[in-house]
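Participant: Sequence first, predicted model second:
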Amino acid sequence: MDSRTLSKGSAATLTSLIPPLDNDFDSLVNIPAKLIGRQPSHHLGLPSSTSLSSLLAGDESRDIDDMIAIPRLIKSLPVKSKGLTKFANFLIMMDQERYRSVQPLVPIAKARHFSRFLLVVHTALLIAMLVFNRGMAPLSVNPLFGPSPQTLQTFGANVASVFYIPPTPATVASNLYRLVTAMFLHSGIVHLLVISMCEITVGRNMIHFLGYTPLVSIWMLAGIGGNAVAVGIRSQLTAVSVGSSGALMGLHGANIADILMNWKEMRQVRGRMLYWVVNSLLVLLLSLMPYVDNLVHVGGFITGFGAGLLCIPFLNKETNRVQWYLFKIFGFALSFVVIYLSIVLLLSNIYVSQRVPWFCHALLSISC
């Protein structure tokens, strides 16, 4: 026998001594062709047919490349996309949640009724003004696709000249209704669209958790306060001011007041505070529109902040009575007292912007 050959018995004995090895490429022909990549890198670490069959047993319609690539794509998402997703989730949660242990008072579907009511009233009044004006004013007069200043004044716009000419208390008293009517008027289609989009989102969450009474009270006080501050301080007597942006800024101030009072019960405190501060600064940019006064925005924010301290309840049970009274007194001073002093200035025919010009500029007015 050749020394290089083994008998069948010896070969069988030698084979039994070697442990069986798994064949990673066992029955490779049974693997679907779409599971085998064309690039060499796709073949690295290819599992055996047994592991492939068990892996695909749960979902035969999904190929292995997709199952491996999806987690890899998720990990490789850019930071910007994650940030946008996180911000979108924050906006959704902020609209649906507010406090940790307080249940909503008004269903979310009914919480939308107030903004819809305002939209109907605003739109109806704008249509009435356009009909009265026999169409839109020239763009050189009103670039926001709305009526003329004379029509706005006829429908109740806030104009300082009607309070001061002639300068008598009777003149002021007969025009105080403009502090309310100006809240429901808008200078044009563009102005109406911008304000309506803000009103739909800002007040809904407050109504959802606090009810209609606090929100409507804050909205009215802030709107009247913003108009009163503007007409009491403004030096441009012929400037026409309309819009509910003062009331809208008041809701921004009330949300900030709520965070300061109930921060222990509030969800996402830092994110909410940053959101309302940034939004308040953005709304201030609306003063660049024609017939929109920045004094209305600032006055509405101050009055709304005070009305928020006054109308929104304390949720922190650990708050002592002294702290509760201080917040309520301060809120009353910022809301009712500001409105009262503005009306007193009107009745006294005191031109604040002329006697104390720095005070007007301190309120961030560009029309001093």
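Facilitator: Noted; the coordinates are in hand. Numbers count the residues shown, from 1 in each chain.

Participant: Just name the shakiest helix or strand of this protein by mean pLDDT.
Facilitator: Least confident helix or strand, the chain: helix 64-75 with a mean of 46, by mean pLDDT, DSSP states H and E.

Participant: wait, doesn't Leu210 sit right on Ile312?
Facilitator: Yes: between Leu210 and Ile312 there is a contact under CB atoms under 8 Å: 6.5 Å. For glycine as for every other residue, the C-beta is placed from the backbone atoms N, C-alpha and C.

Participant: Now do the same contact list for Tyr177.
Facilitator: Shown in contact with Tyr177 (CB atoms under 8 Å, 6 or more residues apart in numbering): Gly156.

Participant: Can you show me the helices along the stretch 51-200 of the chain?
Facilitator: Under the criterion DSSP state H, counting those that start in this stretch, the stretch 51-200 of the chain contains helices at 64-75, 79-96, 113-132, 149-154, 161-164, 169-174, 178-181, 189-202.

Participant: how about a markdown table for those helices, with distance to Arg270 and mean neighbour count added?
Facilitator: Shown next, in a markdown table, are the helices of the stretch 51-200 of the chain (distance: least, CB to CB, whole Å; neighbours: other CB atoms under 10 Å):
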| stretch | distance to Arg270 | mean neighbour count |
| --- | --- | --- |
| helix 64-75 | 27 | 11 |
| helix 79-96 | 11 | 11 |
| helix 113-132 | 27 | 15 |
| helix 149-154 | 41 | 19 |
| helix 161-164 | 43 | 18 |
| helix 169-174 | 45 | 13 |
| helix 178-181 | 36 | 19 |
| helix 189-202 | 19 | 18 |
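
Participant: Any chance of JSON lines for the ones you listed, columns distance to Asn255?
Facilitator: Formatted as JSON lines, the helices of the stretch 51-200 of the chain follow (distance: least, CB to CB, whole Å):
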{"stretch": "helix 64-75", "distance to Asn255": "35"}
{"stretch": "helix 79-96", "distance to Asn255": "10"}
{"stretch": "helix 113-132", "distance to Asn255": "15"}
{"stretch": "helix 149-154", "distance to Asn255": "30"}
{"stretch": "helix 161-164", "distance to Asn255": "31"}
{"stretch": "helix 169-174", "distance to Asn255": "33"}
{"stretch": "helix 178-181", "distance to Asn255": "23"}
{"stretch": "helix 189-202", "distance to Asn255": "8"}
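
Participant: among the ones you listed, which is nearest Gly306?
Facilitator: helix 178-181 (16.6 Å; CB to CB).

Participant: Tell me how far that closest one lies from the chain's centre.
Facilitator: Distance of helix 178-181 from its chain centroid, counting by CA atoms, centre = their mean, to the nearest Å, is 26 Å.

Participant: Output the contacting helices and strands for that helix.
Facilitator: For helix 178-181, the packing partners by 3 or more CB pairs under 8 Å, 6 or more residues apart in numbering; DSSP states H and E come out as strand 158-159, helix 212-233.

Participant: neighbouring contacts of it?
Facilitator: Helix 178-181 is contacted from outside by 155-159, 162, 220, 223-224, 227-228, 231, using CB under 8 Å, 6+ apart.

Participant: likewise stretch 196-215?
Facilitator: Stretch 196-215 is contacted by residues 94-96, 98-99, 102, 104-108, 111-112, 114-115, 118-119, 122, 219, 244, 248, 251-252, 254-255, 258, 283, 311-313 when judged by CB under 8 Å, 6+ apart.

Participant: Alright, calling it a day.
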